[in-house]
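**Student:** sequence-free structure coming up:
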Ligand code: GLC
Ligand code: CA
């Protein structure tokens, strides 16, 4: 380890438990299922697991609406099985991170239930309760902010004659972090899990946990994110995170990664730049997930490699020497990456190329369940079949503007449900995910795309991921090298170099099915390099370059 920071050499496997593996035969993934797959996760070379929320939750947002922060959802198990899992993971040298949602709770959390009982209830101030405004005698919400998931950001309560703020779904009331009692609760919650042995947290929408005092109106901009300037990256976010660090986190050997929609490298550095002001280890970026859409996955545009490269390079370069990247191309919030940035026709080739493209950059790689076998988008025939609250919200908004068939297309392409179909373990019934009918549709390609089929095939995507993870672990140039991009304007090729103590790595990725001539940059003689990774056989070099095959990727090492 270069500086004693173990997370720099870590590789994280991200589990969305509900769809990972059903251990008790009720059609819902659970911790018993995860236990049975720990060997599999270890076989990948991953040495950490991040669980999307597994706490009790009414599932308005599948676990991101928490009703008890110190327990396990009965669908997934209980505290004993979690402790068992923790022990089994640690015995394998794997760390375990939980998802901590501090911006909001469920409306079924006892705090909220209390808070809505009366204005003088001791929990009332745990949330943002505000009286209505009157405009020409009409009752209107306290300000004009909009929620990400369900219309305006305020919901009226008859009993109190007040509104509460919810930046996400109605069942996700925002917590008032300005209240020191709320912060004390979260410090308690952190200690509860850390004392049990949990190794850290992924902190959900953490850059939203402070709001402009007085909650003023926003100058209307976009229909879906009105108010952003009043709840994103306010100075108090850093204060609160510093308080959590001082009072809790720095007393444990733990890791934290924040999630922060619409954050730039500059704003991220306020939290993650190494030094006394650092309050998080890493930040989850979004800009590279917007190469085929505008701000949200539901406003599509054609994929632009240049947009992707600009975003990736921006984070690589601006964090260099200052902070550490969180590298990812899939999670539970986005459609499958092969269906987006790669090609379902060249599923395996483009899957390998995308894997090398992001995992050979500088940072901690995160792999989302099913990504390693090249799962692709499901295409369900009706909008109602998509269970996610934000998908239904997007469909509702889109249906004012587009005909039904177009709305369906939009959903099929952009829905985050695409990442939430059951993990495809085998060609058996229900893809080997469960004996019972799964809670959500299995992708019909499961007979072709599954773990069992790829286990023994040395050329499979799964085995490529294993090789890649090992390669990263064993090569300091990948872990610690500098980053330099070539051909930034090219619309089909992504070429970059990593360099460390005289060792250079040249990564060449084609994002096209077309043949493209690649000429090695000045200073490189491909014949002198060792090709260490690729996605085709027979890799000739002609005149210090080559003509790409569909989605070809080659990685050369120069020592
Ligand atoms: C984060 C989570 C997402 C959730 C939202 C609200 O973006 O990743 O799944 O819906 O926060 O908690
Ligand atoms: Ca189950």
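**Tutor:** Yep, that arrived. Note that the structure is predicted; figures quoted are calculated from it, not measured. Ligands and ions are numbered 1, 2, ... in the order given.

**Student:** Relative to residue 289, how far out is residue 425?
**Tutor:** 27 Å (C-beta to C-beta, to the nearest Å). In short, each C-beta sits where N, CA and C put it, glycine included.

**Student:** er, residue 461 I mean
**Tutor:** Taken as C-beta to C-beta, the span from residue 461 to residue 289 is 21 Å.

**Student:** The two: who's more crowded?
**Tutor:** residue 461 (25 against 22; other C-beta atoms under 10 Å).

**Student:** What are the buried residues along the helix or strand hosting residue 190?
**Tutor:** Using DSSP states H and E, residue 190 maps to helix 180-196. For helix 180-196, a neighbour-count test (16 or more other C-beta atoms under 10 Å) marks 182, 183, 185, 186, 189, 190, 193, 194 as buried.

**Student:** ok, and what's touching it?
**Tutor:** If you take C-beta atoms under 8 Å, 6 or more residues apart in numbering as the criterion, helix 180-196 is touched by 69-70, 82-83, 86, 98, 100, 102, 111, 125-126, 175-177, 201, 240, 243-244, 247-249, 252, 254.

**Student:** so where's the stretch 151-300 of the chain uncertain?
**Tutor:** For the stretch 151-300 of the chain, residues meeting the criterion pLDDT under 70 lie at 221-224.

**Student:** Can you name the residue of the stretch 251-400 of the chain nearest ligand 1?
**Tutor:** Distance from ligand 1 to each residue of the stretch 251-400 of the chain (C-beta to the nearest ligand atom) is smallest for residue 333, at 4.8 Å.

**Student:** Excluding sequence neighbours, find me the nearest residue to that residue.
**Tutor:** Leaving aside its sequence neighbours, residue 333 sits nearest to residue 416 (C-beta to C-beta, 6 or more residues apart in numbering; 4.9 Å).

**Student:** And the next helix or strand past whichever strand or helix holds residue 365?
**Tutor:** Assigned by DSSP H and E, residue 365 belongs to strand 364-368. Following strand 364-368 in sequence order, the next helix or strand is helix 389-399 (DSSP H and E).

**Student:** residues in contact with residue 175?
**Tutor:** Contacts of residue 175 by C-beta under 8 Å, 6+ apart are 102, 103, 104, 105, 111, 126, 127, 182, 209.

**Student:** Quick check, residue 266 in contact with residue 319.
**Tutor:** No. The pair residue 266 / residue 319 is not scored as a contact, 10.4 Å apart, by C-beta atoms under 8 Å.

**Student:** Which residue of these two possesses the greater neighbour count?
**Tutor:** Applying other C-beta under 10 Å to residue 266 and residue 319 shows that residue 319 carries more neighbours, namely 23 against 9.

**Student:** Does that one touch residue 269 like I think?
**Tutor:** Yes. In terms of C-beta under 8 Å, residue 319 counts as a neighbour of residue 269; the distance is 7.3 Å.

**Student:** and the strand holding residue 365, which strands flank it?
**Tutor:** If you go by DSSP bridges, strand 364-368 pairs up with strand 12-15 (parallel), strand 326-327 (parallel).

**Student:** mind putting those in JSON lines, distance to residue 489 included?
**Tutor:** Shown next, in JSON lines, are the strands paired with strand 364-368 (distance: least, C-beta to C-beta, whole Å):
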{"stretch": "strand 12-15", "distance to residue 489": "33"}
{"stretch": "strand 326-327", "distance to residue 489": "23"}
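
**Student:** okay, those in CSV with mean neighbour count, distance to residue 394 and mean pLDDT next?
**Tutor:** Listed next are these as CSV, based on neighbours: other C-beta atoms under 10 Å; distance: least, C-beta to C-beta, whole Å; pLDDT from 0 to 100:
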stretch, mean neighbour count, distance to residue 394, mean pLDDT
strand 12-15, 24, 23, 98
strand 326-327, 24, 26, 98
